[in-house]
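Undergrad: Sequence below, structure please.
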Amino acid sequence: MNALHRGRWRAAFWLLASGLALLAALRPAPAAAQVDIVWTPKVEVRFPDGVLITVPVPESLALRRLTVHLRPNASTQTYVGEMRIQNGIARYVHDARAKPLPLFGLIYYWFEGETETGEHFTSASFTFIYEDNRFTWHRLDQPPLQVFWYQNDASVGEAALNAGHIALQRAFVQWQGVWPPERTIRIYVYATYQDWQTAIQYAPNWSGGHADPAQAVVLVYGGMTPESRVELQRKVAHEVAHIVLYENMNRLVGPGGYERLPWWLVEGIPSLAEPYPHPEYYLLLDEAAQQNRLIPLAELCNAQDVLGHDEAYVRLAYAEAASVTTHIHGRYGPAGLQSLLQAYGMGASCQDGPRQALGLSLNELEEEWRQAWDLYPKRDMGLLWATGIMAVVVSLPLLLMLVLRWLAPPALPPADVDMDADWAALPTD
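TA: Next comes the predicted model:
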């Protein structure tokens with residue numbers, strides 16, 4: 001065989017080897033073995049302590065490990081727990097005090113594991129609601145609202161439902177806030193402050209309600225008497241407006257827009273939705289103005305800075321937030337509020353947001369608000385009158401003495417004076 005033939009055979013050999021290698025590389029790898037499990041989990045909510053999750057596991061399936069994953073709706077945080085298997089039942093207890101779950105929130109959970117032979121598997125996803133099951137809840141539906149209460153009085157649920165609808169209507173009219181009709185807002189009414197505080201676990205004494213915007217859940221208390229239903233409706237409307245505001249900021253500027261709003265606007269916008277005004281707010285503002293201790297708006301930008309003060313400071317801060325937002329709505333209208341929300345949502349600083357939306361800085365907005373509401377120290381006319389009267393009374397004896405002296409006739413010379421002698425003593429020409 002000459003050199004030419006040997007070269008051809010060598011080229012053909014390498015071409016065939018390369019083709020076989022390519023076919024081997026393109027051949028699909030054998031599929032991993034499927035773990036065939038029919039998942040039938042059970043969830044037992046043990047509020048407020050946590051959750052017990054159990055699921056049967058076939059004894060024929062030799063597992064190296066099995067974990068359960070829990071993720072609240074609209075959250076990026078996932079809790080992972082190792083399950084213990086005994087007598088064909090896998091069991092996991094989630095400690096909600098150490099790893100909090102949103103109250104009445106929708107929780108997704110699923111299972112992941114590995115067999116003794118190294119096969120990995122993931123189950124389908126399941127859901128449960130982490131509810132306060134200490135009570136038997138009544139329910140009233142009127143989309144997009146659901147109201148729950150456990151008092152034996154239907155008027156409590158009706159009052160809360162009406163207030164929720166008022167908040168939705170006012171949000172649309174006052175700042176163009178829209179709630180998608182296919183989504184549900186759930187409102188839970190506790191009978192007492194103690195029950196409510198135990199549920200949310202971190203409520204300060206001055207707080208009257210709580211909203212979880214991501215879960216679209218409102219938690220309030222009251223309504224046991226006709227008088228307290230006025231306050232109940234105010235709370236419900238305020239908290240529902242928080243949820244609408246959160247949804248609209250997501251729609252307006254995307255996720256995170258709500259969190260970029262300054263505290264005074266986050267609390268001021270919901271105050272517009274309240275069906276009844278706070279009578280104490282006017283008194284707080286007037287008293288603070290007289291004593292020249294109104295809180296500068298620049299100090300009401302961050303929630304932590306505000307809520308870290310005492311109750312008196314926080315109440316005045318809420319009053320100012322409501323008043324300033326009412327002023328903005330009255331002067332600049334719904335479009336002005338919408339522009340302000342968009343400016344802050346896009347990342348404007350607390351000082352610069354009003355400049356971008358309304359054409360003036362935060363300090364200038366504060367001055368405009370104070371002038372419009374006449375929030376300046378004023379002279380106490382009653383005190384001035386009292387001071388004047390006291391001055392007159394004190395000086396009256398002196399004035400009387402001066403008047404009497406002025407009216408008295410001039411004094412005459414003594415009768416025994418020798419006038420002739422006086423005349424004789426005068427010099428003559």
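
Undergrad: Please count neighbours and contacts with C-alpha atoms only from this point.
TA: Noted.

Undergrad: contacting residues for Gln338?
TA: 175-176 (C-alpha atoms under 8 Å, 6 or more residues apart in numbering).

Undergrad: what domains does the record give for the chain?
TA: Taking automatic domain parsing as the reference, the chain has its domains at 42-130, 135-253, 261-381.

Undergrad: how about CSV for these, with mean pLDDT added?
TA: Putting those into CSV (pLDDT from 0 to 100) gives the following:
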stretch, mean pLDDT
domain 42-130, 94
domain 135-253, 93
domain 261-381, 94
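
Undergrad: so how far is Glu231 from the nearest residue to Trp137 once chain neighbours are set aside?
TA: Excluding the flanking residues, the one nearest Trp137 by C-alpha to C-alpha, 6 or more residues apart in numbering is Tyr150, at 4.7 Å. Distance, Tyr150 to Glu231, by C-alpha to C-alpha, to the nearest Å: 18 Å.

Undergrad: cool, Tyr190 as well?
TA: 13 Å.

Undergrad: thinking in terms of the whole chain, how far from its middle is stretch 259-275?
TA: Distance, stretch centre to chain centre, for stretch 259-275: 8 Å (C-alpha atoms, centre = their mean, to the nearest Å).

Undergrad: Any chance you could list what contacts that stretch?
TA: Applying C-alpha under 8 Å, 6+ apart, the set of residues contacting stretch 259-275 is 163, 166-168, 170-171, 174, 233-235, 237-242, 245, 258, 297, 300-303, 317-318, 320-326, 341, 344-345, 347, 350.

Undergrad: let's see 6 Å
TA: Here stretch 259-275 makes contact (C-alpha atoms under 6 Å, 6 or more residues apart in numbering) with 167, 170, 234, 237-238, 241-242, 300-303, 321-322, 325, 344-345.

Undergrad: before we move on, what about stretch 154-168?
TA: Contacts of stretch 154-168 (C-alpha under 6 Å, 6+ apart): 223, 233, 237, 241, 273.

Undergrad: can we see that at 8 Å?
TA: Contacts of stretch 154-168 (C-alpha under 8 Å, 6+ apart): 139-140, 142, 145-149, 177-179, 187, 189, 223-224, 229, 232-234, 236-238, 240-241, 244, 273-275.

Undergrad: So what does Val51 look like in phi/psi?
TA: phi -140, psi 140 (degrees, to the nearest 10).

Undergrad: For the closest residue in space to it that isn't next to it in sequence, pull up the helix or strand it's in.
TA: Among residues not flanking Val51 along the chain, Val45 sits closest, at 4.6 Å (C-alpha to C-alpha, 6+ apart). If you go by DSSP states H and E, Val45 is part of strand 42-46.

Undergrad: Buried ones in that strand, by neighbour count?
TA: For strand 42-46, burial by neighbour count (16 or more other C-alpha atoms under 10 Å) applies to 43, 45-46.

Undergrad: Redo these as CSV? Include distance to Leu63.
TA: Formatted as CSV, the buried residues of strand 42-46 follow (distance: C-alpha to C-alpha, whole Å):
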residue, distance to Leu63
Val43, 22
Val45, 27
Arg46, 28
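
Undergrad: now the contacts of stretch 259-275: which count as buried?
TA: For the contacts of stretch 259-275, buried by 16+ other C-alpha under 10 Å: 167, 170, 234, 237-238, 241-242, 300-301, 321-322, 325, 344-345.

Undergrad: Which of these sits closest to Tyr92?
TA: Tyr92 lies nearest to His242 out of the buried ones among the contacts of stretch 259-275, by C-alpha to C-alpha, at 35.1 Å.

Undergrad: ok, which stretches of the stretch 101-250 of the chain are strands?
TA: 105-115, 120-122, 126-130, 138-142, 145-149, 185-190, 209-212, 217-221 (DSSP state E, counting those that start in this stretch).

Undergrad: Can you lay out these as TSV showing distance to Gln86 and mean neighbour count?
TA: Shown next, in TSV, are those (distance: least, C-alpha to C-alpha, whole Å; neighbours: other C-alpha atoms under 10 Å):
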stretch	distance to Gln86	mean neighbour count
strand 105-115	16	18
strand 120-122	20	16
strand 126-130	22	17
strand 138-142	38	14
strand 145-149	39	21
strand 185-190	38	24
strand 209-212	38	20
strand 217-221	37	25
